[in-house]
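Q: 3D, please:
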Amino acid sequence: QLRLAESGGGLVQPGGSLTLSCAASGSTLDNYAIGWFRQAPGKEREGISCINRSGEITTYVDSVKGRFTISRNNAENTVYLQMNSLKPKDTAVYSCAVGGYCSHYDLETPGNFGSWGQGTQVTVSS
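A: So this is what the prediction gives:
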């Protein structure tokens, strides 16, 4: 059974950087697209980035475009989210999940993803 585990979150000052990891166990990730989602307190879950099976297609929502970079290493069974120029509004619990495809529509439809990890807290504050 596929299980995902996120790591790399923490407290960072505005303008700082973090790299999140999404590591898989129980199965390989190379059959799946991977999405990163975040949920801030009192807000709905938001899809922010995804990457397709081969890594050739990546998608970002406008709020993170140019600041975040998603990548994958299928040999390591891990997907990464490099986050730069972090802002207080990026504060949230970040989770990864597997899906069939990567597109803006898929990011807007969390139900298209499964095997959710437990999430990692990212706090951007001075």
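Q: for R3, see how far away the most centrally placed residue in the chain is.
A: Geometric centre of the chain, nearest residue: W36, 2.3 Å, by C-alpha atoms, centre = their mean. W36 is 17 Å from R3, where distance means C-beta to C-beta, to the nearest Å. Quick note: C-beta positions are derived from backbone N, CA and C, even for glycine.
Q: surely the residue nearest to the centre of the chain forms part of a strand?
A: Yes - residue state for W36 (DSSP: H, G, I helix; E, B strand; the rest coil) corresponds to a strand.
Q: quick one: residues contacting it.
A: Counting by C-beta atoms under 8 Å, 6 or more residues apart in numbering, W36 makes contact with 20, 22, 47-50, 70, 79, 81, 94-96.
Q: pLDDT score for the residue lying farthest from the centre of the chain?
A: Distance from the C-alpha centroid of the chain, by C-alpha atoms, centre = their mean, peaks at S126 (23.4 Å). Looking at S126, its pLDDT is 95.
Q: check D30 too.
A: Per-residue confidence (pLDDT) for D30: 88.
Q: phi, psi of it?
A: With angles defined as degrees, to the nearest 10, D30 sits at phi -70, psi 0.
Q: the nearest residue in space to it that is not next to it in sequence: neighbouring residues, count only.
A: Nearest residue to D30, sequence neighbours excluded (C-beta to C-beta, 6 or more residues apart in numbering): N74, at 4.1 Å. As a burial measure, N74 scores 15 neighbours (other C-beta atoms under 10 Å).
Q: let the chain start at 45 from now.
A: Shifting the count to begin at 45 puts that one at N118.
Q: contact partners for N118?
A: Shown in contact with N118 (C-beta under 8 Å, 6+ apart): 72-74, 99.
Q: many thanks, have a good one.
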